[in-house]
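Colleague: 3D model of this:
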Amino acid sequence: GVLTVVEGGGVNVDDLNALQRFKVFEMLRGMQQSQAQRDLSAASSSASNASSSSSSSSAAAYIDDSLYGLIMYNSMMHAQAGAAAAGHASVQDGLAVLQRMQDAGVRPNVATYNKLLEVAVGAAQHGRATLADGEAILERLKGAGLSPDRDGFEHMLELAAAASAFGTASLEDVEWQLTRMVNAGFATDVRAWKQALRVAVEEAKRGVAGVEQADRLLDAMRHNGLAPDMDAFALALQVLVEAAAWGKAGVADGERLLERVEAQGMTPPVSFYQAIMHAAAAEARLGQGRGGLLECERLLERMPQTLRTPPPLSIYAQLMSVCAEEAKHGRVSVEDGMRVLERLEQSHGRGVWSRLAPSATGVPGGGLAGKGRRKMVEGDAREESRRARSEARERGGVQ
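Modeller: Next up, the predicted model:
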């Protein structure tokens, strides 16, 4: 039972010290040695007593170094990885465990270095490690005469994704890690490519990446014989939303992503439509809308066919936000807003306004009725003001 707990990593450094104080490891070691001695006795019953004694002593020493020590120090490294993920340990703490392990005469194995990479991943989540730390760990592994396994390359991808949130890793870096993984003889999987998509999300937040990068990664997955899952599409959608804030994505890109999802036999959830309309509002806010309201209405029409249920009220709230932003640039009128409200009544029944509580749509500061009508009035007022100024200029009056 204790072995299961230790190997499963359900301990921390303090727990291990307590186990040592209570002689639990010594007890386990004794049990292993006793079993080894019984096995050796059964296998070499014809050998001399001196030879058996020597063999038993040699076997006991081997078990002490390779099993007892390896379990203890690898478990301590695992505990450091958990502490790093919680923000309480650094790569240096992991290296200290490695040094302590080597000083004790216990040779680290590939799993030891993988755990050390996990320490780096946890530290990177708090901005305390970079890809350079991971590369240094791999160099230590190779210097010990070992080769990285699949877990090691996957940890490097995780490290790149974590570091990208702090601007210390790029999409180019993670793509190089994928290439190196393939060159080492390990085929990539969907999980590996999702790490690349996570880096694309972080770069999109900074205005560096756009939907082109997300499309390229999805295409690369297919090229490698992999089918993106819903999580992968959700990450691509997040890239789209973040890129829209920089004017690098819009409703048309969202429609293409929906077509990708549906072509794979999946049903996009409501949140996909909400995110696309959010992107449409961002596009309109920047004054770069290209018929955003009409495209959003087309999305509204396809939702019942895809989801087999009327669009929720929150979707109409998003649509009214798009309408209001488009009105600021003179691309829609109050008639467009009324058309959206009529769609709402057709979908949810007449009198829906009177039944809506302020929190029914998730729109802060009032229900859809009040907020929707207010946005239409504001948009119409801006349009009338612009028209009046234009007429004044034509008459040569005061602007």
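Colleague: helices of the stretch 251-399 of the chain, start to end?
Modeller: Using DSSP state H, counting those that start in this stretch, the helices found in the stretch 251-399 of the chain span residues 251-263, 270-285, 292-307, 313-328, 334-348, 352-355, 368-395.
Colleague: and those helices, which one averages the lowest pLDDT?
Modeller: Out of these, helix 368-395 stands lowest, with a mean of 52 (criterion: mean pLDDT).
Colleague: count the residues that sit near Ala227.
Modeller: For Ala227, the tally of surrounding residues (other Cβ atoms under 10 Å) stands at 11. Yep, even glycine has a C-beta here, placed from its N, CA and C like the rest.
Colleague: got any ranges where the stretch 51-200 of the chain has weak pLDDT?
Modeller: Applying pLDDT under 70 to the stretch 51-200 of the chain picks out residues 51-67.
Colleague: any idea whether Tyr113 is helix, strand or coil?
Modeller: With DSSP: H, G, I helix; E, B strand; the rest coil as the basis, Tyr113 sits in helix.
Colleague: then Leu226?
Modeller: Going by three-state DSSP: Leu226 is coil.
Colleague: report the separation between the closest residue in space to it that isn't next to it in sequence and Leu217.
Modeller: The spatial neighbour of Leu226 that comes closest, neighbours along the chain excluded (Cβ to Cβ, 6 or more residues apart in numbering), is Val190 at 5.3 Å. From Val190 over to Leu217 the distance is 11 Å, taken as Cβ to Cβ, to the nearest Å.
Colleague: and the nearest residue to Gly254 once chain neighbours are set aside, how many neighbours does it have?
Modeller: Setting aside the residues directly before and after it, Gly254 is nearest to Ile276 in space (Cβ to Cβ, 6+ apart), at 3.3 Å. Other residues within reach of Ile276, judged by other Cβ under 10 Å, total 27.
Colleague: surely Gly254 and Ala279 touch.
Modeller: Yes: the pair Gly254 and Ala279 qualifies as a contact (Cβ atoms under 8 Å) at a distance of 5.8 Å.
Colleague: overlap in contacts of those two?
Modeller: Here Gly254 and Ala279 have Leu240 as joint contacts, going by Cβ atoms under 8 Å, 6 or more residues apart in numbering.
Colleague: which residues touch the residue nearest to Gly254?
Modeller: Applying Cβ under 8 Å, 6+ apart, we find Ile276 in contact with 237, 240, 251, 254-255, 257-258, 296, 299.
Colleague: how much space between it and Leu157?
Modeller: 28 Å.
Colleague: separation between the residue nearest to Leu226 and Phe153?
Modeller: Distance check for Val190 against Phe153: by Cβ to Cβ, it reads 15 Å.
Colleague: what residues does stretch 210-228 touch?
Modeller: Where contact means Cβ under 8 Å, 6+ apart, the residues beyond stretch 210-228 that reach it are 171, 187-190, 193, 196-197, 200, 203-204, 232-233, 235-236, 239-240, 243, 246, 248-249, 253, 257, 260, 264.
Colleague: ok, back up a step: and Val190 and Phe153? which has more neighbours close in?
Modeller: A side-by-side neighbour count of Val190 and Phe153, using other Cβ under 10 Å, places Phe153 first with 21 against 14.
Colleague: chain neighbours aside, what residue packs nearest to that one?
Modeller: Met181 (4.1 Å).
Colleague: hang on, isn't Ala281 packed against Glu325?
Modeller: Yes: checked against Cβ under 8 Å, the pair Ala281 and Glu325 is within contact range at 5.3 Å.
Colleague: what mean pLDDT does the helix or strand in which Ala236 is found get?
Modeller: Ala236 belongs to helix 230-244 when assigned by DSSP states H and E. pLDDT averaged over helix 230-244 equals 95, rounded to a whole number.
Colleague: okay, buried residues for that helix please.
Modeller: Neighbour-count burial for helix 230-244, counted by 16 or more other Cβ atoms under 10 Å, picks out 232-244.
Colleague: only C-alpha atoms, please: export that helix in PDB.
Modeller: Taking only C-alpha atoms (Å, rounded to 0.1, in the frame of the first residue of the first chain), the coordinates of helix 230-244 have been written out as PDB:
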ATOM      1  CA  MET A 230     -13.700  19.500 -29.800                       C
ATOM      2  CA  ASP A 231     -11.100  20.800 -27.400                       C
ATOM      3  CA  ALA A 232      -8.800  21.500 -30.400                       C
ATOM      4  CA  PHE A 233     -11.600  23.400 -32.200                       C
ATOM      5  CA  ALA A 234     -12.300  25.300 -29.000                       C
ATOM      6  CA  LEU A 235      -8.700  26.500 -28.900                       C
ATOM      7  CA  ALA A 236      -8.900  27.500 -32.500                       C
ATOM      8  CA  LEU A 237     -12.000  29.500 -31.700                       C
ATOM      9  CA  GLN A 238     -10.200  31.200 -28.800                       C
ATOM     10  CA  VAL A 239      -7.500  32.200 -31.200                       C
ATOM     11  CA  LEU A 240     -10.300  33.700 -33.400                       C
ATOM     12  CA  VAL A 241     -11.800  35.700 -30.500                       C
ATOM     13  CA  GLU A 242      -8.500  37.100 -29.400                       C
ATOM     14  CA  ALA A 243      -7.500  38.000 -32.900                       C
ATOM     15  CA  ALA A 244     -10.800  39.800 -33.500                       C
END
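Colleague: give me the angle between that helix and helix 270-285.
Modeller: 10 degrees (axes from the mean of the first three to the mean of the last three Cα atoms, to 10 degrees).
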